[in-house]
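Visitor: pasting the structure only:
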């Protein structure tokens, strides 16, 4: 097994090396036209940016000795200038991608916005946005647009509007810089509270959509009672049991003798994995910690017994209750991880959510997963495979009826079911098409879930136990019909926009464009294919069918696809590839698929961006002018394939770099509102005068090696009694 893994890793490294060699060979003709010093200087600048290295180290004598032979006399001002050059090239590529995507999908909004607020362990506040969409090649793209550090206002008159106004000011500048209008945004997703939701609600016509991972996290808190305020807990028994397990883990980790004894005991199993301790509000980590504890439960109990200490988890029924609670918690965390994954297709998340609702139903048996027994069976199978013996029977988790469950488990399960009904199902049934048209439409256009198999579970949970099967069937049929009509209305919007674009006397925004785009060509070919499948003869003088007729005709053909074809579609990439292959047959529905498949299931991707930005914005790095940190974060977040080629990076003079510095970083309104906790949010500043003053600041940074006084954050307060 180990040899196979090592061989696979070696093959992967060889493939990456060959790809790098091919890329280098393709780049060599372009690089040969650049001066060697310029190439090396840009390489050093990229090294500083990607490595998150402080620019001031370029002044260190050791660095100068090493780099002197490559780039000559390089200084901080050169690094700052090259940072602007690299950012300008990268931003131009992003603007080009966004413009091409907007032109390729007429009639529908394309971009789905992820927006969030975050506070680091050092109490630094961040705001960040990502854009998700499906491009004209049917690739799902999630691109970091910007992450910004700010100091939250603390004065009383700003408390009610601070975060929303800051976000509005910042978001407007970012989108304007990328050439995106608010009408290009199809949806918004955030896992924050009123501040971010108030912003998205005021800027984007559609309401903020479900963030499934956040709602599941809230449902976990409701079910297990782990609220920050113990007085608000509805399940103190489960919360106390989780905290009891957490204290056992902390004791073993903090006590060196107990830790060594546990390691010696675990060596008899040839397993030595450390216990983990995490706060109970982070459910992925909490489930992992309890899983490790249960996996090593006999060893931990023996350590306590040898030390003659009371083992709190040894009381009758405690271990059984902990295993049952873990079985519920595990299902929640699997759904949360699925919703947080990048590129996860929404239908998979909704179907997983339906399975979770079904498992939490108090009237059904609960599957009990014991990590100790599961790991024991796995290790036995590995040993048998290594020794060439037949594999032992696989571990099959038992199912336990509700009457045999522990009291705390039954209460937790009921609270979990009620939380899922409150967070998801009740709103879904009340709206008859869910919280968002994108989720249901995406499931309908994903062949394996074309019949929307999760609807009955959502309806049953949303209406409660006192509901008949006929009522569930009636409402489910009504929801499916509404989803079909939603898809048809989106397809009609695409057809209408294409007709207006192609019409010589059209009134659309692009009616004067005579060049046929790729998408309009596909729509035209697909329309001719649909005409060819009709029984009635068609001639040039025959009237064209209306957009609604074309949309319904495509939908009928799509509904007639046999279910066997859905077996090959297992993930988002394959689903989008299927629409790309069948674009000529279903041109309108393919465009709708691009519209709805870009919707992410949660805002988890932007959390990773915050952690990356926190590595740049540190208290010790206060020499950055406002904006340089954001440019560095943007460049670092680019995938390797989207990083600007060295020969595409323009060489700029000091004045050109100052002019290329984004204008939104120069206005006093931006700097005061985002960076100063003492500032007001007035929009009556003299932007011309402020811009002129800030241009001088930028030019000084690009011309002098001295540190700037424009700190990224508010200066540290003086200590009492200090000078």
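Guide: Noted; the coordinates are in hand. The model shown is predicted, which means the values in this text are computed figures rather than measured ones. Numbers count the residues shown, from 1 in each chain.
Visitor: Okay, and residue 145 sits in which element?
Guide: strand 140-150 (DSSP states H and E).
Visitor: Could you please name the strands that strand pairs with and the direction of each pair?
Guide: strand 125-134 (antiparallel) (DSSP bridges).
Visitor: Geometric centre of the chain: which residue is closest?
Guide: Centroid-nearest residue in the chain, with C-alpha atoms, centre = their mean: residue 605, separated by 2.4 Å.
Visitor: So it is in contact with residue 112, correct?
Guide: No: Residue 605 is beyond contact range of residue 112, at 11.4 Å (criterion: C-beta atoms under 8 Å). Heads up, the C-betas are built off the backbone N, CA and C, glycines and all.
Visitor: how close does residue 353 sit to residue 458?
Guide: Distance, residue 353 to residue 458, by C-beta to C-beta, to the nearest Å: 8 Å.
Visitor: Between the two, tell me which one has more neighbours.
Guide: residue 458 (27 against 23; other C-beta atoms under 10 Å).
Visitor: what's the burial count for residue 109?
Guide: 21.
Visitor: Secondary structure element holding it?
Guide: Using DSSP H and E, no helix or strand contains residue 109.
Visitor: and it, backbone torsions?
Guide: phi -70, psi 150 (degrees, to the nearest 10).
Visitor: quick one: pLDDT of the residue nearest to it when sequence neighbours are not counted?
Guide: Spatial nearest neighbour of residue 109, chain neighbours left out: residue 186 (3.6 Å); criterion: C-beta to C-beta, 6 or more residues apart in numbering. Looking at residue 186, its pLDDT stands at 84.
Visitor: could we number from 9 for the rest of this?
Guide: Sure thing, new numbering starts at 9, so read that last one as residue 194.
Visitor: in terms of contact, does residue 194 touch residue 607 like I think?
Guide: Yes: using C-beta under 8 Å, residue 194 is in contact with residue 607, at 7.5 Å.
Visitor: what is in contact with these two at once?
Guide: Residues within reach of residue 194 and of residue 607 at once, by C-beta atoms under 8 Å, 6 or more residues apart in numbering, are 120, 446.
Visitor: Can you pull the residues that touch both of residue 361 and residue 466?
Guide: residue 432.
Visitor: how about the helices in the stretch 459-608 of the chain?
Guide: Under the criterion DSSP state H, counting those that start in this stretch, helices of the stretch 459-608 of the chain are mapped to 463-471, 477-510, 526-540, 555-567, 580-589, 595-605.
Visitor: Tell me which of those sits nearest to residue 142.
Guide: helix 595-605 (4.3 Å; C-beta to C-beta).
Visitor: So what touches whichever helix or strand comes after the closest one?
Guide: Per DSSP H and E, the first helix or strand lying C-terminal to helix 595-605 is helix 613-624. For helix 613-624, the external contacting residues (C-beta under 8 Å, 6+ apart) are 60, 122-124, 126, 128, 130, 132, 134, 136-138, 150, 152, 155, 157, 348, 350, 637, 640-641, 644-645.
Visitor: Flag every buried residue along helix 613-624.
Guide: 613-615, 617-618, 620-622, 624 (16 or more other C-beta atoms under 10 Å).
Visitor: Need those in CSV (columns: pLDDT and distance to residue 104).
Guide: Compiled in CSV, the buried residues of helix 613-624 are given as follows (pLDDT from 0 to 100; distance: C-beta to C-beta, whole Å):
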residue, pLDDT, distance to residue 104
613, 75, 23
614, 78, 23
615, 75, 28
617, 79, 22
618, 81, 27
620, 76, 24
621, 78, 25
622, 77, 30
624, 74, 26
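Visitor: ok, so of the residues you listed, who is nearest residue 42?
Guide: residue 624 (28.1 Å).
Visitor: For the closest one, give its distance to residue 82.
Guide: Taken as C-beta to C-beta, the span from residue 624 to residue 82 is 21 Å.
Visitor: returning to what we had before: could you flag which of the contacts of helix 613-624 are buried?
Guide: Applying 16+ other C-beta under 10 Å to the contacts of helix 613-624 flags 122-124, 126, 132, 134, 136-138, 150, 152, 155, 157, 348, 637, 640-641, 644-645 as buried.
Visitor: low pLDDT regions in the stretch 209-358 of the chain?
Guide: 209-217, 267, 270-290, 350-351 (pLDDT under 70).
Visitor: Can you show me the helices along it?
Guide: Going by DSSP H, counting those that start in this stretch, the stretch 209-358 of the chain shows helices at 220-232, 244-262, 264-275, 291-303, 305-314, 326-348, 354-368.
Visitor: quick one: which of those is nearest residue 78?
Guide: The nearest among the helices of the stretch 209-358 of the chain, by C-beta to C-beta, is helix 326-348 at 42.2 Å.
Visitor: Only the buried residues of the closest one, if you could.
Guide: Result for helix 326-348 [16+ other C-beta under 10 Å]: buried residues 326-341, 343-348.
Visitor: Repeat that for stretch 478-496.
Guide: Quick answer for stretch 478-496 (16+ other C-beta under 10 Å): 480, 483-484, 487-488, 490-492, 494-496.
Visitor: Next: stretch 43-50.
Guide: So stretch 43-50, judged by 16+ other C-beta under 10 Å, has buried residues 46-50.
Visitor: What is the nearest of the residues you listed to residue 146?
Guide: Nearest member of the buried residues of stretch 43-50 to residue 146, counting by C-beta to C-beta, is residue 50, at 33.5 Å.
Visitor: chain center to the helix or strand encompassing that closest one: distance?
Guide: Assigned by DSSP H and E, residue 50 belongs to helix 44-58. On the basis of C-alpha atoms, centre = their mean, to the nearest Å, helix 44-58 sits 31 Å off its chain's mean C-alpha point.
Visitor: Tell me what angle that helix forms with helix 613-624.
Guide: Here the directions of helix 44-58 and helix 613-624 differ by 110 degrees (axes from the mean of the first three to the mean of the last three C-alpha atoms, to 10 degrees).
Visitor: what residues does helix 44-58 touch?
Guide: Contacts of helix 44-58 (C-beta under 8 Å, 6+ apart): 39, 61, 63, 66, 75, 78-80, 82, 86-87, 90-91, 93-94, 640, 643-644, 651, 654, 657, 659.
Visitor: For PyMOL, write a command that selects the buried ones of those.
Guide: To isolate the buried members of these in PyMOL, using 16+ other C-beta under 10 Å:
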select buried, resi 63+66+75+79+82+86+87+90+91+93+94+640+643+644+651+654+657
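Visitor: So which of the contacts of helix 44-58 belong to helices?
Guide: Taking DSSP state H, the ones among the contacts of helix 44-58 that sit in helices are 39, 75, 78-79, 86-87, 90-91, 93-94, 640, 643-644.
Visitor: ok, of these, which one's closest to residue 244?
Guide: residue 644 (44.8 Å).
Visitor: Give me the distance between that closest one and residue 427.
Guide: 38 Å.
Visitor: Quick one: neighbours of the nearest residue to residue 244 once chain neighbours are set aside, just the number.
Guide: Distance criterion C-beta to C-beta, 6+ apart; nearest residue to residue 244, sequence neighbours excluded, is residue 233 at 5.8 Å. Residue 233: 23 surrounding residues under other C-beta under 10 Å.
Visitor: quick one on the thing from earlier: would CSV of the buried residues of stretch 43-50 with distance to residue 56 and pLDDT be doable?
Guide: Shown next, in CSV, are these (distance: C-beta to C-beta, whole Å; pLDDT from 0 to 100):
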residue, distance to residue 56, pLDDT
46, 16, 84
47, 15, 83
48, 13, 83
49, 11, 86
50, 11, 87
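Visitor: from the residues you listed, which is closest to residue 560?
Guide: Once C-beta to C-beta is applied, the member of the buried residues of stretch 43-50 that ends up nearest residue 560 is residue 50, at 55.3 Å.
Visitor: how near is the closest one to residue 74?
Guide: In terms of C-beta to C-beta, residue 50 sits 17 Å off from residue 74.
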